[in-house]
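Visitor: Prediction below, plus the sequence it came from.
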Amino acid sequence: MAVETRTIAAASGDTEMLISGSEACAEALTLADIDVVTAYPIRPYDTVMQAIAKKIANGKLVAEYIVAEGEHSQFEIVKHASTVGARVFCGSSGVGWMYAMECLTVTPPLRVPMVAMVGNRALDDPGAFGVEHNDALVVRDLGWLLIWVDTAQEMLDTALLAYRIAEDRRVFLPIAISADGAFLTHSQALVQVPTKAKVDRFLPKYDRGDLQLHPDNPISVAPQANEDWVIEIRRQNNEAMSRAYTVIEEAYADFREVFGRGPENPWFEEYMTADAEVILMGMGTISLPLKVGIRNMRAQGKKVGLIRPRWFRPFPTEKMAAALSRAGAIGVIDRDYSFGSPFGSGVVANEIRAALYNADKRPPLLSFIGGLGGREVTLADVSRVADMCFAAARAGKSDLKTHWLGVRE
Amino acid sequence: MAHFTCEVVYRGIFQKNLASRICRGIVFSARQAGRWGIAFGRYGDSPQRNGIPAKDFAIVADSQEELEQNMARYEPQEVDVTICVDDTLSKGLESWAWYGLQPINRLTLPGGTLLMTSLQPAEDLLKDIHKKEAPYTLALLRAKASFSGLWVYREDHTEARILGALARIKPDFLSLDAVCQAIKDAEWGSEVKVASARKAHGRLETRPVNSTEGNAETPFSFEKPKWWEMREGVSIPAIPVGKPMEGGRGYVPERNPYFKKFTSRTMRPVIDFDKCVKCTLCWLQCPDSCFDVTPDGLYDADMEACCGCGVCEAVCPAKECITMVNEAAFDDNASQWEAWRKDKDRYRAWLTAKARDGAHVARSHGFRFRGQYEQELKQDLDTGGIEITTGIPGENAGLKKA
């Protein structure tokens, strides 16, 4: 059977560069002409701050580059800069992101369209720097838009999309773009970098309107409020998150028109799912061993496909449920953990279960946890997962255990 | 099956411990008869500030099940007894978490009781207390407002006296014996406090109030916006610049509509305009921008906005120009400058009566001189308290007479 490969056609004027996911992010920031960026080193995010510093040093980008004394200040500074109307960027990894937690919490209610990159990293302890997704997932309930990307190209494109979506007045919420440590942040690939003219067509100037802190628009931001006000503020936040569904669809449509590439479906990537009996799932670069494994299995006649969620917040509930209902069985590999959760499953598996709850057809779902701490998910892991899913598809049911992949036993 | 609900309206910080003691005492007293109870503060009031009106509640019931109906509620919707421990609150209150003016008797049930500590005649209080549709009883305990600080309670037996008075108002729930036993056993272990409670029980004055009596003014209210009407981003508009007072002269600042207004005030500044040197200090230092600049360059404190902090008096360099006077001496918030401009002789007479009369300028909180506490305590004994024999902790203890 024919094997699909994906090639990106260079649109006119694009420059091809061999760059890492982090450098691709810096290219996007330069094209988006950001105003303020703050930095505090932590691996793997530090590769982005180095790449931006180089852009500024080389005169390619004019921006305030502020080295903070820690991640909390790092995020506070850009939060404030954004309220006066600056386009801002920030980022961190693992426990650095945790250290900024208080600021991460207050950013959505203040409706600050900050774009952040999370170089996903295991949370200490043990002190480790390989990828796990728990760092970014910690803010999943707080009003951050969350997206996972799997290639340097997607990182660049998504960073441009992120400013367009976050800075839309209907949304005005922060976006965190997750990039797997090492596999994406530290590995270089060929990336098509668009022209500034195209980006300017796609990305309007950031206009904070009546929420801008300015002497001509005197307002007070973040006063103390009691129980008479809080639930209304949460309700506003919820509304903004709901509106993001439409804004995301619009932004991707415009992106395809301006840049001549980009997915039809912003929410998740479907790979060989049209006739798939088994659908495997995972966020981030885990898609790569999954795709290779799927191609190998397809060569053996096994009908298996992939759904790789991009947007985790807002979660594409109906679309996801519709896409998965077609399958005979689903295998979700979480690169995260949620100790004590229902079935001991990872965060993604339980979100998928929740999304399917009202579906007419609920295929058996097998939950896996793997690749923690940056361990590789191997092709052998992938075929084991698929075999178990095929067995569940035949049986029409699955056990509700969570299976750990690649653990020494 | 029956329950009894009581609120204590008090001045934040200054009377925090007093209110808490009263509510705990109610529960302990009811417990003597096997009843169940809870004591709690209005949580939104809990970040208290000096003088800002606040509320504590005590609810006691025959059974735990009945009590549960009243638990995990933000605040009761109605109360059998409203206890007000500072009579300047009779003008109404805006608590920390309350918007608009809440009449002091707002939650008092028809036929319920408003119990106040006050030295004012009932008729004077009823000039301030808002009218209520249903009749109720005004009960007066002759006492000055008991003010102290965040961590301390002024041991003037106000809590015991309130409990003794409650035993008179609601004997079926709190018998005098139960109150005395609770005071002795549960919390304070003090025979002298028991004696104070018994005296208060005997001395309580009551007076029925009918629906025609009271302040007829409609209390100002505040409409809270809907979620989609509120500005997004937890942001609120700043206060606009003010306007000239009249004829393009003077200056009236715009004031924050979200700010509390005058009900935090226990003392107000009375201004002798003839002594003003126009130094601007009161206007500059007022934390609530409550001074209007008059066309003739004087400074007139807006009594709707003044919180009574006393900073203006403290910074004023002119002798006897600004004098803080107890709020109980006033019935309205009219402009002093307008009165002065209209009739200077009449204003002088008014000012002399208010500001030069020792009865009205005694501080309700804070000390003006060392030994003031002991001196005032002696006076309190003559108006209804009893001799306190226990020692007072701290440096003042040595100054007490043996």
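Guide: Looks like it arrived, so ask away.
Visitor: For the rest of this, base every contact and every neighbour count on C-alpha atoms.
Guide: Will do.
Visitor: Tell me which stretches of the stretch 151-300 of chain A form strands.
Guide: Counting by DSSP state E, counting those that start in this stretch, residue ranges of the strands within the stretch 151-300 of chain A are A:175-180, A:188-193, A:219-221, A:268-271, A:278-281.
Visitor: Give me the buried stretch members for the lowest-mean-pLDDT helix or strand in chain A, please.
Guide: Every helix and strand of chain A was ranked by mean pLDDT, DSSP states H and E. The lowest is strand A:219-221, at a mean of 91. For strand A:219-221, burial by neighbour count (16 or more other C-alpha atoms under 10 Å in any protein chain shown) applies to A:219, A:221.
Visitor: on that earlier part again, make CSV out of the strands of the stretch 151-300 of chain A and add distance to chain B.
Guide: Shown next, in CSV, are these (distance: least, C-alpha to the nearest C-alpha, whole Å):
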stretch, distance to chain B
strand A:175-180, 16
strand A:188-193, 34
strand A:219-221, 4
strand A:268-271, 30
strand A:278-281, 36
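Visitor: Least reliable of those by average pLDDT, please.
Guide: Lowest mean pLDDT within the strands of the stretch 151-300 of chain A: strand A:219-221, a mean of 91.
Visitor: Off-centre distance for that one?
Guide: On the basis of C-alpha atoms, centre = their mean, to the nearest Å, strand A:219-221 sits 31 Å off its chain's mean C-alpha point.
Visitor: Does anything pack onto it? Which helices or strands?
Guide: strand B:235-237 (3 or more C-alpha pairs under 8 Å, 6 or more residues apart in numbering or on different chains; DSSP states H and E).
Visitor: chain center to the strand it packs on: distance?
Guide: 31 Å.
Visitor: Give me the sheet partners of it and which way each runs.
Guide: Applying DSSP bridges, strand B:235-237 is found paired with strand A:219-221 (antiparallel).
Visitor: which residues touch the partner strand?
Guide: A:110, A:211, A:213, B:233-238 (C-alpha atoms under 8 Å, 6 or more residues apart in numbering or on different chains).
Visitor: I only care about these that end up buried; give me the PyMOL line for that.
Guide: Here is the PyMOL selection string for the buried members of the contacts of strand A:219-221, based on 16+ other C-alpha under 10 Å:
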select buried, (chain A and resi 110+211+213) or (chain B and resi 233+234+235+236)
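Visitor: Please identify the buried residues of the helix or strand hosting A:E16?
Guide: Following DSSP states H and E, one finds A:E16 within strand A:15-20. By neighbour count on 16+ other C-alpha under 10 Å, the buried set for strand A:15-20 is A:19-20.
Visitor: After it, which helix or strand is next?
Guide: Scanning forward in sequence from strand A:15-20 by DSSP H and E, the next helix or strand is helix A:21-31.
Visitor: Check which helices and strands that following helix is in contact with.
Guide: helix A:46-57, helix A:152-166, strand A:188-193.
Visitor: nearest to B:I129, of the ones you listed?
Guide: In terms of C-alpha to C-alpha, the element of those nearest to B:I129 is helix A:152-166, at 53.2 Å.
Visitor: Run through who's touching the closest one.
Guide: Residues from elsewhere that reach helix A:152-166 (C-alpha under 8 Å, 6+ apart): A:19-22, A:24-25, A:27-29, A:32, A:113-115, A:149, A:171-175, A:177, A:179, A:184, A:188-193, A:199, A:202-204, A:244, A:247-248, A:251-252, A:255, A:262.
Visitor: before we move on, back to that, tabulate the helices and strands packed on helix A:21-31 (TSV), appending mean neighbour count.
Guide: Output for the helices and strands packed on helix A:21-31, formatted as TSV (neighbours: other C-alpha atoms under 10 Å in any protein chain shown):
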stretch	mean neighbour count
helix A:46-57	19
helix A:152-166	25
strand A:188-193	20
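Visitor: Any chance of a markdown table for the ones you listed, columns distance to B:A182?
Guide: Output for those, formatted as a markdown table (distance: least, C-alpha to C-alpha, whole Å):
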| stretch | distance to B:A182 |
| --- | --- |
| helix A:46-57 | 66 |
| helix A:152-166 | 62 |
| strand A:188-193 | 78 |
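Visitor: What are the boundaries of the strands in chain B?
Guide: Taking DSSP state E, the strands of chain B run over residues B:3-11, B:36-41, B:53-61, B:79-84, B:108-118, B:136-142, B:205-209, B:235-237, B:267-271, B:291-293, B:299-301, B:322-326.
Visitor: swap in the stretch 301-409 of chain A?
Guide: Counting by DSSP E, counting those that start in this stretch, the strands of the stretch 301-409 of chain A are A:304-309, A:311-313, A:329-334, A:365-369, A:402-404.
Visitor: For A:V37, find the nearest of the ones you listed.
Guide: Proximity to A:V37 (C-alpha to C-alpha) singles out strand A:311-313 among the strands of the stretch 301-409 of chain A, at 23.9 Å.
Visitor: rewinding a little: can you name the two of the contacts of strand A:219-221 that sit furthest apart?
Guide: The distance between the two most remote of those (C-alpha to C-alpha) is 16.3 Å, for A:L110 and B:A238.
Visitor: Identify the bridge partners of the closest residue to A:G344 other than its chain neighbours.
Guide: Using C-alpha to C-alpha, 6 or more residues apart in numbering or on different chains and skipping the chain neighbours, the partner closest in space to A:G344 is A:T402 (6.1 Å). On the basis of DSSP bridges, A:T402 is bridged to A:S367.
Visitor: Kindly reformat the strands of the stretch 151-300 of chain A as TSV and extend each row with distance to B:W151.
Guide: Shown next, in TSV, are the strands of the stretch 151-300 of chain A (distance: least, C-alpha to C-alpha, whole Å):
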stretch	distance to B:W151
strand A:175-180	46
strand A:188-193	64
strand A:219-221	33
strand A:268-271	59
strand A:278-281	59
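Visitor: So for B:E327, which of those sits nearest?
Guide: Nearest of the strands of the stretch 151-300 of chain A (C-alpha to C-alpha): strand A:219-221, 32.6 Å.
Visitor: pLDDT below threshold where in the chain?
Guide: With no chain named, the answer covers chain A. Chain A contains residues with pLDDT under 70 at A:1-11.
Visitor: let's do chain B instead
Guide: In chain B, residues with pLDDT under 70: B:1, B:362-377, B:379-402.
Visitor: What parts of it come near chain A?
Guide: B:44, B:97, B:226-228, B:232-239 (C-alpha under 8 Å from any C-alpha of the partner chain).
Visitor: Go again with 10 Å.
Guide: B:43-45, B:74, B:96-99, B:224-240 (C-alpha under 10 Å from any C-alpha of the partner chain).
Visitor: Would you mind writing the PyMOL command to select the buried ones in the residues you listed?
Guide: Buried residues among the residues of chain B next to chain A (16+ other C-alpha under 10 Å), as a PyMOL selection:
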select buried, chain B and resi 43+44+45+96+97+98+99+227+230+232+233+234+235+236
